[in-house]
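K.L.:
need coordinates for the below:
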Amino acid sequence: MELDHDAGVSCIHVNSSNSQILSGTKDGNVYLWDVECQTVLRQTQSHVGQVTCVKFSKDGQRMVSCGEDCYMRVVDINTGTEILAKDLGQSISCLCWPEQQHLIAGGQGELLVWDMAKAQLVTKIKAHESMIASMCLGSNLHVVTGGEDRNVILWKKV
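P.N.:
Just a heads-up that it's a prediction; the model follows:
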């Protein structure tokens, strides 16, 4: 199965049921794909410049994308309605959405913890000396980050 794009793919994420794929491209588009039908359900020009990360919410009802334009955008999967568009003042390189309420973003050495119910930043945590290059969710909602500073950090529940 191949899902063709008009520009290079910069990031992807698969929902928990493996039925949908999000992909972000170097030209700022975000695609929502139906895996079984191998078709695009939605395509939006979401960012100016490259999309740096995309994620589904845990329940699969929302998606978030971040781009080189420093914007974070949250969209309702079913309606396509943009719920949140926020200029973060820095490019976000990676995301974790461990639970419905909190989203964790990594950028210029900081972890940004967002309360998604209130659409507001809860805290900033200095994590690395330079860009956070990678982030994943471990067991018990532990977050693991890897930075361009050559460090990997295991965070107890952020």
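K.L.:
how far is stretch 47-54 from where the chain is centred?
P.N.:
Relative to its parent chain, stretch 47-54 has a centroid offset of 10 Å by C-alpha atoms, centre = their mean, to the nearest Å.
K.L.:
make residue 1 into 867 and carry on from there
P.N.:
From this message on, residue numbering opens at 867, which makes the last subject stretch 913-920.
K.L.:
which SS state does residue 996 fall under?
P.N.:
Per DSSP: H, G, I helix; E, B strand; the rest coil, the local secondary structure of residue 996 is coil.
K.L.:
from residue 884, how far out is it?
P.N.:
Counting by C-beta to C-beta, to the nearest Å, the separation of residue 996 from residue 884 is 34 Å. Every residue, glycine included, has its C-beta placed from N, CA and C.
K.L.:
point out where this protein drops to low pLDDT.
P.N.:
Regions of the chain meeting the criterion pLDDT under 70 cover residues 867, 966-967, 1005, 1007, 1023-1024.
K.L.:
tell me the centre residue of it?
P.N.:
residue 920 (3.5 Å; C-alpha atoms, centre = their mean).
K.L.:
count the neighbours of the closest residue in space to that residue that isn't next to it in sequence for me.
P.N.:
Beyond its immediate neighbours in the sequence, the residue positioned closest to residue 920 (C-beta to C-beta, 6 or more residues apart in numbering) is residue 888, lying 4.2 Å away. Around residue 888 sit 24 other residues, with neighbours defined as other C-beta atoms under 10 Å.
K.L.:
kind regards, and thank you for your time.
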